[in-house]
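S.K.: the following block contains a protein sequence and its predicted model.
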Amino acid sequence: MAVLNINQPLRVLIVDDSAVVREILAQSLNSDPRFTVAGAAPDPYVAREILARKTVDVITLDLEMPRMDGLTFLRHLMKYFPIPVIVLSSLTDGRNAASLEALALGALDIIPKPGGSYSVADSLELLKEKLLAAGQSDFSKTRQQAQANRALAVKSTQRLVTPRPSLARIAATNKLIAVGASTGGTIALETLFRSFTPDAPPTVCVIHMPEKFTATYADRLDSLCAVRVFEAKDGQMAEPGTVYLAPGNKHLLVRARGKDYYLKVADGPKVHHQRPAVDILFRSVAEEAGQNTAAALLTGMGKDGAAGLLQIRQAGGYTIAQDEATSIVFGMPKEAIALGAAAEVLALEKIALALLARTRL
């Protein structure tokens, strides 16, 4: 699939069993010249009829619908008629796993439906951001990476049955790895962290993902990787062999005490319209870890993380930007490269080895 012409309105198909949600989304998108609603379907069967008659660039998909659930529809869609999909999900623990399964099947991103800490205005703003990212994405890469990761998941099941080494048997280190990602990042991080070994330095990571999803996503990564993966908690010490994800809607920072690093989870204004923001994490890493840092900025729309990556490089750290060929959306890495923030530009499959090699020097 070629990257869409961003000078033309994105043609969006809304698939949701709620008439209220369909109406809210349709009114908002049709009032914005960047979008046009190609159709609104109450279930996958009606959606299929619309797809047969109209050209659609991006789909918004609810997962709980009558006649056919969203995951079943997504499986058929990715096999026979692949189109970028943004999942709309309620912020409930019972639905988070299904939403992450949708990402594993090839959906591009998740946004929360209005409710709780997400107002209608917040959800619509986030939806438009994700739709624009989908319009700039090379969607074929999403599907290829998702398929490769599913194959690896089957192969790695036996390996992860063996208990991972106790942290007490892993030598402490004052090295630190920092990673940032956005659109396309769920699959990219899975690829990256699968290649980390249990002796990897403490790793801190920001991905632009809604609150309550990050804990479920961390659990998913933990079940697939040789390193442990947790949602970060305020005040905890960063341990070797462990990846810490910033909680959704909270910033993550690092504080050094001697040779150890401690995590700070905090509120604060959004940066580049994001909370958590990669720049907030990278800036703290530059200040607290400096030359002991290896950092990578992965796929994503916008410029979050570019300035922070430059600060890490200026502080003597080793920095990587993901290359265009393997990025789903090249926005964030491209901005970092333009700033001179990246010491190296690497394909996704080479980044883990480079980070680990640099932190073992």
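M.R.: The structure has been received and is ready for your questions.

S.K.: tell me what whatever helix or strand I280 lives in is packed against?
M.R.: Using DSSP states H and E, I280 falls within helix 278-288. Helix 278-288 is packed against strand 176-181, strand 203-207, strand 251-257, strand 293-297, helix 306-314, with contacts defined by 3 or more Cβ pairs under 8 Å, 6 or more residues apart in numbering; DSSP states H and E. Glycine gets a C-beta too; all of them are placed from N, C-alpha and C.

S.K.: relative to strand 203-207, how tilted is the longest one?
M.R.: Interaxial angle of helix 306-314 relative to strand 203-207 (axes from the mean of the first three to the mean of the last three Cα atoms, to 10 degrees): 160 degrees.

S.K.: distance check, the residue nearest to the spatial centre of the chain against I207.
M.R.: Nearest to the geometric centre of the chain sits G185, at 3.3 Å (Cα atoms, centre = their mean). Using Cβ to Cβ, to the nearest Å, G185 is found at 5 Å from I207.

S.K.: thinking again about what came up before, report the contact partners of the residue nearest to the centre of the chain.
M.R.: I207, H208, L298, T299, G300 (Cβ atoms under 8 Å, 6 or more residues apart in numbering).

S.K.: so, low pLDDT: which residues of the stretch 101-250 of the chain?
M.R.: By pLDDT under 70, the low-scoring segments of the stretch 101-250 of the chain are 114-117, 139-173.

S.K.: can you put the contacts of G185 in a markdown table and add distance to P66 and neighbour count?
M.R.: As requested, those are exported to a markdown table (distance: Cβ to Cβ, whole Å; neighbours: other Cβ atoms under 10 Å):
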| residue | distance to P66 | neighbour count |
| --- | --- | --- |
| I207 | 32 | 23 |
| H208 | 31 | 29 |
| L298 | 37 | 30 |
| T299 | 35 | 30 |
| G300 | 35 | 30 |
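
S.K.: list of residues touching stretch 100-111?
M.R.: Outside stretch 100-111, the residues within contact range by Cβ under 8 Å, 6+ apart are 61, 63, 70-71, 74-75, 78, 82, 84-89, 99, 123, 126-127, 130, 133-134, 137, 139, 142-143, 146-147, 149-150, 183-184, 186-187, 209-210, 213, 216-217, 220, 328.

S.K.: rewinding a little: out of the helices and strands packed on helix 278-288, flag the one nearest V345.
M.R.: strand 293-297 (10.2 Å; Cβ to Cβ).

S.K.: tell me which other helices or strands that closest one touches.
M.R.: strand 176-181, helix 278-288, helix 306-314, strand 318-322, helix 331-339, helix 348-358.

S.K.: single out the most deeply packed of the ones you listed.
M.R.: Mean neighbour count (mean count of other Cβ atoms under 10 Å) peaks for strand 176-181 among the helices and strands packed on strand 293-297, with a mean of 28.
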